[in-house]
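K.L.:
Give me coordinates for this.
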Amino acid sequence: MEAIIAFMIRASLYLMLFAAGYLLLLRKSPQAMYNRFFILGAGALSLVLGFIPADFFAASTSTQQPGMLLPEIVVRAAKRVNSTSDQFGEVVVHHAVIWELFLFISSIMALLFVMRLLRIGLLIRRSRPVADGDIKLIASNENTSPFSFFSWVFVPGGLEKLPHYEAILAHERAHYHRLHSADVLFYEFLKVLFWFHPAVYFLRSELKAMHEFEADAIAIRQIEKIDYQKTLVELSFTGGLIPITNPFNLSLIKKRMLMMNRKSPHRPVRSWLMMAAIAAVVLMAAAVQSCQQKNPGSESNTAQQPAVTEAVEQTMDTQTEEATDEVFTVVEQMPEYNGGMEAMMKFIASNITYPETAKRDTIQGKVFVQFVIETDGSVSNVKVLRGIGGGCDEEAIRVVESMPKWTPGRQRGKAVRVSFNLPIRFALQ
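P.N.:
Numbers count the residues shown, from 1 in each chain. This next block holds a predicted model:
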């Protein structure tokens with residue numbers, strides 16, 4: 001549950017960041033297609049970036065160090081509070097009413113979403129669609145504006161006799177060709193998850209506006225602009241709409257008129273540069289989010305640690321008489337802990353403790369420890385490749401140094417020194 005809450009909070013922050021970037025840089029841009037792609041990308045990237053764990057980049061860089069990587073060992077404490085999002089998640093988890101309310105409202109939103117889909121399905125099933133090229137026309141008896149859902153176009157009965165009928169079809173056909181219904185469904189799904197987030201409603205509204213601008217631009221290539229604009233003014237249905245469809249008549253007719261009459265140079269490069277700038281900011285935010293928290297006082301301790309000596313990787317054919325002083329990463333017969341890897345992990349798990357300082361300062365994350373198994377099987381050269389402070393680094397070193405002797409590794413029948421990397425995750429819970 002806590003992982004879900006952390007994901008929701010991270011994704012919410014990205015949604016807010018994308019919405020702010022769109023509002024400041026792109027909203028006034030006349031390029032509806034680029035704006036539409038940005039809004040869709042904002043929703044998709046927010047979901048993807050929300051899944052990035054707190055130490056994703058730390059883990060990916062730390063494991064590049066020389067040495068055989070061992071399985072991760074997890075050390076858990078009595079509570080789990082880490083970043084701001086985790087602290088908020090802790091509040092939600094421990095206040096069941098808040099969590100239950102969130103799930104209840106999300107369930108209601110999901111139910112409404114399904115009911116709207118069923119309503120459209122029933123309209124299609126009860127009617128007899130008439131093929132008109134690549135779209136299917138359905139005569140609707142309801143007092144609604146013309147609207148489309150993928151290739152199905154719903155028009156009130158008798159509308160085909162009016163002079164602006166072809167303009168309406170051109171508009172709705174444009175919605176179908178541009179797959180606008182898929183965009184709407186995606187943001188309806190986001191609304192189910194993030195019903196509490198104002199950025200979702202803002203981006204969803206802007207997306208629907210971009211749909212109309214884009215469909216208008218396509219339609220006026222086929223219909224005289226003046227006639228098409230008269231259609232927008234004359235077609236003033238007041239009936240209800242189905243939110244997950246693409247209605248013909250929206251409350252933004254004035255903006256649509258301005259967009260059609262606007263004469264601005266086509267500057268796709270400028271639009272893409274603005275989007276790239278926003279994407280760069282978001283990726284920087286992802287990198288900052290992925291950095292592990294450190295105890296401010298632990299920087300000096302980390303700085304005083306000896307530098308990691310670069311290990312010399314050998315092949316089976318290059319061993320010399322002086323090889324006993326060299327450190328291998330892979331040998332013919334790897335060192336073995338007495339009882340196997342499972343016994344080693346059990347030893348560390350049973351002997352390591354979560355430092356009180358780290359608990360108090362809510363520090364957690366991975367400590368990557370490098371050590372060497374000597375030719376006599378003893379453990380030496382224990383170093384922290386990447387630490388998190390709060391006493392966790394020192395505790396990891398202590399327990400690794402306390403390991404009993406291993407069976408040494410052998411190369412060409414001779415005992416050799418072998419390097420290992422051990423990730424130890426300290427997790428508050």
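
K.L.:
And the contacts of the helix or strand encompassing residue 74?
P.N.:
Following DSSP states H and E, one finds residue 74 within strand 73-76. Under the criterion CB atoms under 8 Å, 6 or more residues apart in numbering, residues 345, 348-349, 352-354, 422-429 lie in contact with strand 73-76. In short, each C-beta sits where N, CA and C put it, glycine included.

K.L.:
buried stuff in that strand?
P.N.:
Across strand 73-76, burial judged by 16 or more other CB atoms under 10 Å covers 73, 75.

K.L.:
Can I get it in PDB? Just the C-alpha atoms.
P.N.:
Provided in PDB are the C-alpha atoms of strand 73-76 (Å, rounded to 0.1, in the frame of the first residue of the first chain):
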ATOM      1  CA  ILE A  73      20.300  -8.000   1.800                       C
ATOM      2  CA  VAL A  74      17.500  -5.900   3.300                       C
ATOM      3  CA  VAL A  75      17.700  -4.600   6.800                       C
ATOM      4  CA  ARG A  76      14.400  -3.300   8.200                       C
END
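
K.L.:
and it, which strands flank it?
P.N.:
Sheet neighbours of strand 73-76, with direction, are listed as strand 414-427 (parallel) (DSSP bridges).

K.L.:
next structured bit after the helix or strand of the chain with the lowest mean pLDDT?
P.N.:
Using mean pLDDT, DSSP states H and E, helix 299-304 stands out as the lowest-scoring helix or strand of the chain, at a mean of 39. Counting by DSSP H and E, the next helix or strand C-terminal to helix 299-304 is strand 327-328.

K.L.:
quick one, what contacts the residue nearest to residue 356 when sequence neighbours are not counted?
P.N.:
Of all residues not flanking residue 356 in the chain, residue 391 sits nearest, at 7.6 Å (CB to CB, 6 or more residues apart in numbering). With contacts defined as CB under 8 Å, 6+ apart, residue 391 is in contact with 355, 356, 357, 358.

K.L.:
Residue 381 too?
P.N.:
Going by CB under 8 Å, 6+ apart, residue 381 touches 309, 370, 371, 372, 419.

K.L.:
of all those, which comes closest to residue 127?
P.N.:
Nearest to residue 127 out of the contacts of residue 381 is residue 370 (CB to CB; 69.9 Å).

K.L.:
Kindly tell me how buried that closest one is, as a neighbour count.
P.N.:
Residues within reach of residue 370, counting by other CB atoms under 10 Å, total 23.

K.L.:
hang on, isn't it packed against residue 383?
P.N.:
Yes: at 5.1 Å, residue 370 counts as touching residue 383 under the criterion of CB atoms under 8 Å.

K.L.:
Show the buried residues in the contacts of residue 381.
P.N.:
The neighbour count (16+ other CB under 10 Å) marks 370, 371, 372, 419 as buried among those.

K.L.:
Kindly list the main-chain dihedrals of the residue nearest to residue 356?
P.N.:
Backbone geometry at residue 391, expressed as degrees, to the nearest 10, gives phi 90, psi -10.

K.L.:
what pLDDT does it get?
P.N.:
Residue 391 carries a pLDDT value of 93.

K.L.:
What of residue 8?
P.N.:
Looking at residue 8, its pLDDT reads 87.

K.L.:
Check the one 5 residues further on too.
P.N.:
Confidence at residue 13, expressed as pLDDT, is 89.

K.L.:
for residue 236, same thing?
P.N.:
55.

K.L.:
Can you show me the strands along the stretch 51-200 of the chain?
P.N.:
Applying DSSP state E, counting those that start in this stretch to the stretch 51-200 of the chain gives strands spanning 68-69, 73-76, 130-132, 135-140, 147-149, 152-156.

K.L.:
Which strands border the last one, and is each parallel or antiparallel?
P.N.:
Spelled out, it's strand 152-156. strand 135-140 (parallel), strand 147-149 (antiparallel).

K.L.:
swap in the shortest one?
P.N.:
Take DSSP bridges as the rule and strand 68-69 pairs in its sheet with strand 414-427 (parallel).

K.L.:
can you give me the offset of the strand it pairs with from its chain's centre?
P.N.:
Its chain's C-alpha centre and that of strand 414-427 lie 32 Å apart, by CA atoms, centre = their mean, to the nearest Å.

K.L.:
ok, and for that strand, which residues are buried?
P.N.:
Counting neighbours by 16+ other CB under 10 Å, one finds that the buried residues in strand 414-427 are 415, 416, 417, 418, 419, 420, 421, 422, 423, 424, 425, 426.

K.L.:
export those residues to JSON lines and tack on distance to residue 141 and pLDDT?
P.N.:
Compiled in JSON lines, those are given as follows (distance: CB to CB, whole Å; pLDDT from 0 to 100):
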{"residue": "415", "distance to residue 141": "89", "pLDDT": "94"}
{"residue": "416", "distance to residue 141": "85", "pLDDT": "94"}
{"residue": "417", "distance to residue 141": "85", "pLDDT": "94"}
{"residue": "418", "distance to residue 141": "80", "pLDDT": "94"}
{"residue": "419", "distance to residue 141": "77", "pLDDT": "93"}
{"residue": "420", "distance to residue 141": "75", "pLDDT": "93"}
{"residue": "421", "distance to residue 141": "71", "pLDDT": "92"}
{"residue": "422", "distance to residue 141": "71", "pLDDT": "92"}
{"residue": "423", "distance to residue 141": "65", "pLDDT": "92"}
{"residue": "424", "distance to residue 141": "68", "pLDDT": "92"}
{"residue": "425", "distance to residue 141": "62", "pLDDT": "89"}
{"residue": "426", "distance to residue 141": "65", "pLDDT": "91"}
